[in-house]
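Q: sequence isn't available, so here's the structure alone:
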């Protein structure tokens, strides 16, 4: 795939400076480049600040990449008459004057000032006092392609050599062009406008600049800057279905002219998919406007048929992406809620591929989200991505909460990055809101055809204050609430009749227009116009229920004094961004609902609760009064917001997201199908991490002369699940079949069977029916009972346990504040259990407690470890690895067969020790229960499969005839014929796995397994 030729590369440089200005002072950056004024303060670039940010000033400037720029900062007194364009004033115009020293010359760089005098400027050359930075050297910067942030520290203090001064976020010259072969962008609809001439039957295609939430143009520009030509995959946006006979021709043309690959789906299926499930189920629920009753006032029911359609369409997209996927270095970027299952579907076919997924709508609170019958399937679908993107932290927080409460996944924050572990992989979360393409709007405003539209609007609304809005015709946009607030304002301000007008554009979307919503809006508009119209045809509300072109939007933005948006729940909403970069000087006020995401990003916006009609009325009155009085702060705020929007463009958003996706880790492993079910979708494993084959273990068992068995207790011999309660956990015991089989194995003189647990001695003895033949290591080995013995020994006789009192106090304090938690006191350790607490709160409390304990107990030789629903403090010298070392030392002869099974982090000490200390000739079967990163060589899915393994060994080695006593089902690995060769242990490899374990020959990587369902 060829890349487009690149144009001149630019660098987006954000200058940041701390300067404690006094009233009336402004800050400019001035340098040798023409974009920095060519050392002329009158043409320098002005920095901006705000009440909350001061004394920090910043500005973003586009500079040519690969150039050395010299510059300094200057503080100026406000004097609008002397310096054209100087309108940013902080505070009052009063303040002390300052004398400026002469700066160092720019040295004849590109774009410098007039001739040899470049950089030489006396204070008298500008009417008004100023202060240059006093140090002799100029500040310097070598620009690089992409985004740069330059933190120049304090005004007047040279810091060019300070570490971390310059940060580069993404560069095209060393970024994607030479390291990524291609990019596949998958979205529901291709960013293509398609029309068919009914006379000739010919298709006409062109780019849709408003696709993907108005960001298509900026996204394409950002990718061009990266020298990446993406392959677009999606359905064709057309009201007509492409006939079967024309599909190949249409597909070939779209690929050749636009690099687009269409997914052809029958229109009947698309209607059920889009209008039925996406807009009928997901859209209202994710915007938290779902109700318990439907339009007939019956209890809301979810249609399973629509869910099957949703799955089927995601499969169709998967098949098309797999068809066009062409290499290991290719990235896949999936967009929005229509394709939430696609990452998992792709993961089942393409091993190691890096998949990004960005959600463009809000994520609801976990209490709302959990009503979905398919809640877990959607979560798992998204969690199969490498990188997940959300517009706001609120949305990411709700998503993480759902993962904690529904899937019991723990999340972590590391160096500003959010992430969580799922299915043996690390999934990154990114919070970064999308932007607009400022260049598109600046170019559009300069089009000659726009002037006529602007003049038309100005004539229509002459002598009126114009409040405007552009919304979809949808319940969540809160248009009715806006009209009620405007009506209330007119009721209380009769003197403003004929002086204020509200222009409301409502864009109808076929899948979302409800007649009840439409009728309510129309009735309110009619009522307001009837009551407050002046009888001459001038009405206070102009209501346009139609789509609006880009040119018309620009014309409307140009004459609006304020934008008023009152959604009751919304995503980011880019209309305010469009307005800010399009409106003219002196305008640009924003009234935004506090329930829309952009209200937090745009600092000048007046946030309002749209449900509070009286508050909305007051805000509208304030906005009108500021516009009438031409308050200077309106322009100051507009400039600040315009600078922000320009710096956070859709290009920057796309480049930054793809940079994180490129840098993310996604281990690649060859997919290996297992057994007779290998052809079924969703049934797979990976090489180097094998589903344990019971027949292979039995063969090795029979051939061995000395055998060692090591079993964890909870979760391995007993069943502990996410539904287990406190009491179920406390009283969990192996079933009778498991205990009987352990007893049988332990009585063989060639066998040594040990149970390794953190439980107390009395619990383990009772759970194993006091069988003396079974060796037991309790409390992670602190108490040890050898086989054929009833005497308990301490491995550390003189252990210092004085720390327990302090640790107990801390645990009890957290227990008192965490309902459902309790402390288990052992003789040499403490465990805080929170399985019955609120999942999310319990996890937060456990993390807080861990930090607290590690800080206070640092003088002691203890270790704080955590697991599923618990946090434990134990002796650092005691763990299961140390206990295994003791058992091997005490055995009369070294074993030639070892079977070791465990399910949590404490068992990794066993796996790691055996992996690095056993002779390679030993038949070693280390096995983790559940699919997760592990030092183990094999895995089983559950404790039931561990029971089945014991049953296989006992019945195979000690035939008793009769029916198996174990009721567990077979695993896929056991469906392999008994005479099939046993898979060899994985050889040592390079250190590139998720959980490396050291050995004498280097590092050994353990693969991960995945059992996918639903796709």
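A: That came in fine, so what should we check first? Given the structure is predicted, the values throughout are model-derived calculations rather than measurements.
Q: secondary structure element for the closest residue to residue 364 other than its chain neighbours?
A: Leaving out its chain neighbours, the residue that sits closest to residue 364 by C-beta to C-beta, 6 or more residues apart in numbering is residue 288, at 4.9 Å. Quick note: C-beta positions are derived from backbone N, CA and C, even for glycine. Under DSSP states H and E, no helix or strand contains residue 288.
Q: residue 288 and residue 805, how far apart?
A: Going from residue 288 to residue 805 by C-beta to C-beta, to the nearest Å gives 48 Å.
Q: those two: which is more packed in?
A: Between residue 288 and residue 805, counted using other C-beta atoms under 10 Å, the more crowded position is residue 288 (18 against 8).
Q: how about the secondary structure of residue 490?
A: helix (DSSP: H, G, I helix; E, B strand; the rest coil).
Q: count of neighbours near the closest residue in space to it that isn't next to it in sequence?
A: The shortest distance from residue 490 to any non-neighbouring residue, by C-beta to C-beta, 6+ apart, is to residue 532 (4.7 Å). The local packing of residue 532 (other C-beta under 10 Å) involves 20 other residues.
Q: quick check: residue 532 touching residue 495?
A: No - counting by C-beta atoms under 8 Å, residue 532 stays clear of residue 495, with 11.8 Å between them.
Q: phi, psi for the residue nearest to residue 490 please.
A: With angles defined as degrees, to the nearest 10, residue 532 sits at phi -110, psi 0.
Q: what does residue 566 give?
A: phi -130, psi 50.
Q: for it, which non-adjacent residue is closest in space?
A: Residue 566 sits nearest to residue 610 (C-beta to C-beta, 6+ apart), 3.7 Å away.
Q: where does the stretch 651-800 of the chain have low pLDDT?
A: For the stretch 651-800 of the chain, residues meeting the criterion pLDDT under 70 lie at 667-689, 720-731.
Q: what ranges do the helices span in it?
A: Along the stretch 651-800 of the chain, the stretches classed as helices by DSSP state H, counting those that start in this stretch are 694-703, 726-730, 736-746, 761-767.
Q: how about the stretch 251-400 of the chain?
A: Counting by DSSP H, counting those that start in this stretch, the helices of the stretch 251-400 of the chain are 267-271, 283-286, 304-324, 342-347, 366-369, 375-383, 393-407.
Q: quick one: mean pLDDT for the second one?
A: This means helix 283-286. For helix 283-286, mean pLDDT is 92.
Q: helices or strands up against it?
A: For helix 283-286, the packing partners by 3 or more C-beta pairs under 8 Å, 6 or more residues apart in numbering; DSSP states H and E come out as helix 366-369.
Q: so what touches the helix it packs on?
A: Helix 366-369 is contacted from outside by 285-286, 288, 290, 363, 375, 398, 401-402, 404-406, 840, using C-beta atoms under 8 Å, 6 or more residues apart in numbering.
Q: out of those residues, which comes closest to residue 196?
A: Taking C-beta to C-beta as the measure, residue 196 lies nearest residue 286 of the contacts of helix 366-369, at 33.7 Å.
Q: before we move on, back to that, rebuild the contacts of helix 366-369 as a markdown table, extending it with distance to residue 278.
A: As requested, the contacts of helix 366-369 are arranged in a markdown table below (distance: C-beta to C-beta, whole Å):
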| residue | distance to residue 278 |
| --- | --- |
| 285 | 11 |
| 286 | 10 |
| 288 | 16 |
| 290 | 14 |
| 363 | 15 |
| 375 | 16 |
| 398 | 19 |
| 401 | 23 |
| 402 | 19 |
| 404 | 26 |
| 405 | 24 |
| 406 | 21 |
| 840 | 28 |
